[in-house]
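**Student:** With the sequence up front, the predicted model follows.
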Amino acid sequence: MLTLGRVCGVLLGSFLLLAAPLRAQDTKPRTTRILFLLDASGSMNAPWEGGPRMDVAKRLLARMADSLDTYPNLQLALRVYGHQHLAKENNCEDSRLEVPFASKNARAIREKLKTIEGKGNTPITYSLQQSAQDFPTDPNSRNVLILITDGLESCKGDPCATALALQRKRVFLKPFVIGIGAEKEFGRQLECLGQYYNAADVGTFRTVLNDVIAQTLSKTTVAVNLTDEQGRPVESNVNLTFINNVTEQPEYNYVHYRNTQGKPDVLDVDALQSYDLVINTVPPVVQRNLPIRPGKANVLTYKTPQGTLALRNPSLTPNPYGTMQAVVRAQGNAATVVALPFGAKQKLLAGNYEVELLTLPRLVRRITVKQGQETAVTYEAPGTLNIVSDLKGYGSIYQVNQDDSQTWVYTLPNGGSSRLNLPMQPGNYRLVFRSANALGSKFTDTRNFSIRSGQVTSVSIFGK
């Protein structure tokens with residue numbers, strides 16, 4: 001049992017929780033960890049512009065590590081595969097973390113590279129799996145993998161599926177894959193691993209390495225312009241969700257802001273992930289695979305003109321319907337855009353809609369929502385149908401149309417008491433009823449009646 005003191009404590013705790021200030025999304029610098037995954041299989045001994053591919057790769061990789069040694073919040077590591085066993089041994093677990101992650105460890109990487117020789121197989125899949133243990137457990141770090149290879153998987157693994165699975169587990173971001181001296185067909189088979197580069201010559205290899213590092217460490221920003229139908233930047237205060245389209249999880253949630261000069265604010269994003277953008281208007285606007293250029297100030301523009309739907313109850317107190325609801329759909333689309341109670345207002349994207357009012361019978365209003373304007377929807381005040389009967393039975397109520405055709409509206413409770421009070425829209429109706437004791441369909445009774453706003457209409461059914 002809760003004592004008064006405990007109740008007060010719970011309420012005070014709840015108040016303090018609600019009163020706590022909201023914090024901005026964490027902007028603390030994150031540690032970036034780059035794992036170089038180097039192919040040292042036998043094919044890396046093939047000549048490449050005057051020397052073995054292995055020597056060129058080691059030399060340029062060592063220079064790259066040296067150039068990164070002064071960067072803050074950066075750690076490097078080196079994993080090598082195919083360098084411990086000869087190809088004839090067919091060893092598919094020939095992969096080793098040679099230099100673990102640490103800050104300013106370029107010298108250790110450079111010295112280790114001097115001892116590496118190309119020898120064996122190409123166990124890319126196994127190496128990717130092992131790399132999951134190389135990155136320290138740190139949910140706030142940026143884990144980057146750069147694969148440098150001149151060959152395809154030789155151990156019957158599936159490196160593409162493995163890379164995708166590890167991205168979904170957030171082990172590392174989308175990998176960079178650099179194909180050394182590679183043919184185009186070779187590259188097509190590696191594109192599924194991540195962002196692929198074809199370094200067909202030594203000069204391109206050097207350029208690609210520099211570009212990859214620049215993408216990894218350069219700041220990338222996105223400004224999102226939300227405009228009206230004429231392209232004027234007037235919309236704002238809309239939730240923006242950047243969804244990682246590999247993990248399918250939201251990476252950033254922002255409420256759009258525009259300053260007094262009409263300019264949207266600039267958002268920092270990690271360009272080593274690919275995103276879908278959801279602009280949470282009603283209905284939402286979705287942009288798949290955002291065209292973000294790494295290391296650039298990106299400006300993205302989307303038309304999101306909005307107006308307001310106002311649902312208004314008629315002046316009737318109390319309302320026999322109680323709380324009336326409406327379902328909003330885009331014209332020609334059966335999916336629900338939003339369900340709302342009457343008395344509410346809702347911003348909607350400009351366009352054509354169907355508003356289904358859950359009155360009895362249901363009503364459908366076709367409306368057009370325009371930029372910056374309010375569109376009101378209401379209904380006639382209902383009347384009340386009062387069914388009085390001394391019989392139990394079965395039946396339905398139909399709306400009678402102008403041509404005397406009828407449309408089903410309501411089914412009476414089967415076999416239950418027919419004493420009923422129903423709030424209904426004004427109009428002409430028909431009650432079709434057969435008592436539970438009647439010995440044939442011919443004993444069905446039909447009564448026509450009308451409903452008027454604010455009035456009670458009684459229909460009596462009595463046994464003979």
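**Tutor:** Perfect, thanks for sending it.

**Student:** all contacts plus neighbour counts: C-alpha atoms, from now on.
**Tutor:** Fine.

**Student:** got the contact list for the spatially closest residue to Ala271 that is not a sequence neighbour?
**Tutor:** By the measure of CA to CA, 6 or more residues apart in numbering, the closest residue to Ala271 outside its immediate chain neighbours is Pro294, 5.2 Å from it. With contacts taken as CA atoms under 8 Å, 6 or more residues apart in numbering, Pro294 has the following neighbours: 215, 218-220, 271-272.

**Student:** So which of the residues you listed is the closest to Ser43?
**Tutor:** Gln215 (29.0 Å; CA to CA).

**Student:** Give me the neighbour count for the closest one.
**Tutor:** Counted with other CA atoms under 10 Å, the neighbours of Gln215 add up to 17.

**Student:** Quick check: it is in a helix.
**Tutor:** Yes: with DSSP: H, G, I helix; E, B strand; the rest coil as the criterion, Gln215 is located in a helix.

**Student:** what's the nearest residue to it if we skip its chain neighbours?
**Tutor:** Among residues not flanking Gln215 along the chain, Pro294 sits closest, at 5.4 Å (CA to CA, 6+ apart).

**Student:** measure the one you found to Asn239 for me?
**Tutor:** Distance from Pro294 to Asn239, counting by CA to CA, to the nearest Å: 23 Å.

**Student:** I'd like the contacts of Pro294 as TSV, with pLDDT appended.
**Tutor:** Below are those laid out as TSV (pLDDT from 0 to 100):
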residue	pLDDT
Gln215	90
Ser218	92
Lys219	92
Thr220	95
Ala271	92
Leu272	91
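
**Student:** what pairs with Leu363 across the strands?
**Tutor:** Using DSSP bridges, the bridge partners assigned to Leu363 are Leu357.

**Student:** Give the burial count for it, as a bare number.
**Tutor:** Around Leu363 there are 13 other residues, counting by other CA under 10 Å.

**Student:** looking at it, it is touching Glu356, isn't it?
**Tutor:** Yes: distance between Leu363 and Glu356: 5.7 Å, which falls inside the contact criterion (CA atoms under 8 Å).

**Student:** Of the contacts of Pro294, select the buried ones using a PyMOL command.
**Tutor:** In PyMOL, the members of those classed as buried (16 or more other CA atoms under 10 Å) are selected with the following command:
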select buried, resi 215+220+271+272
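
**Student:** State the mean pLDDT of stretch 356-369.
**Tutor:** Predicted confidence along stretch 356-369 averages 97 (mean pLDDT).

**Student:** now the stretch 51-200 of the chain, which segments are flagged as low pLDDT?
**Tutor:** 182-185 (pLDDT under 70).

**Student:** Need the three-state assignment for Ser127.
**Tutor:** Secondary structure, three-state DSSP: Ser127 is helix.

**Student:** In contact with it, which residues?
**Tutor:** With contacts taken as CA under 8 Å, 6+ apart, Ser127 has the following neighbours: 81, 93, 95-96.

**Student:** So it versus Thr137, what's the distance?
**Tutor:** Between Ser127 and Thr137 the distance, using CA to CA, works out to 18 Å.

**Student:** so how far is the first residue of stretch 106-123 from its last?
**Tutor:** In stretch 106-123, first residue to last residue: 25 Å (CA to CA).

**Student:** let me fix that: stretch 413-427
**Tutor:** Using CA to CA, the end-to-end distance of stretch 413-427 comes to 22 Å.

**Student:** Run me through the strand neighbours of the helix or strand in which Leu431 is found, direction for each.
**Tutor:** Using DSSP states H and E, Leu431 maps to strand 427-435. Strand 427-435 has the following strand partners under DSSP bridges: strand 393-400 (antiparallel), strand 445-451 (antiparallel).

**Student:** Give me whichever of these is most buried.
**Tutor:** Compared across the strands paired with strand 427-435, strand 393-400 shows the largest average neighbour count, a mean of 19 (mean count of other CA atoms under 10 Å).

**Student:** Quick check, central residue of this structure?
**Tutor:** The central residue of the chain, meaning the one whose C-alpha is nearest the mean C-alpha position (CA atoms, centre = their mean), is Ile243 at 4.8 Å.

**Student:** For that one, grab phi and psi.
**Tutor:** Main-chain dihedrals, Ile243, degrees, to the nearest 10: phi -100, psi 130.

**Student:** Does it touch Gln249 like I think?
**Tutor:** Yes: under the criterion of CA under 8 Å, Ile243 makes contact with Gln249 at 5.5 Å.

**Student:** list the residues that contact both of those two?
**Tutor:** Contacts common to Ile243 and Gln249, judged by CA under 8 Å, 6+ apart, are absent.

**Student:** Can you list the strands that the helix or strand harbouring Val459 pairs with?
**Tutor:** Assigned by DSSP H and E, Val459 falls within strand 456-461. Listed by DSSP bridges, the sheet partners of strand 456-461 and their directions read strand 383-389 (parallel).

**Student:** Pull the residues that contact the partner strand.
**Tutor:** 320, 417-426, 451-462.

**Student:** ok, of these, which come out buried?
**Tutor:** With neighbours counted by 16+ other CA under 10 Å, those contain buried members at 320, 417-419, 422-426, 451-454, 456-457, 459, 461.

**Student:** so where's the stretch 201-350 of the chain shaky on pLDDT?
**Tutor:** Judged against pLDDT under 70, the stretch 201-350 of the chain has no low-scoring part.
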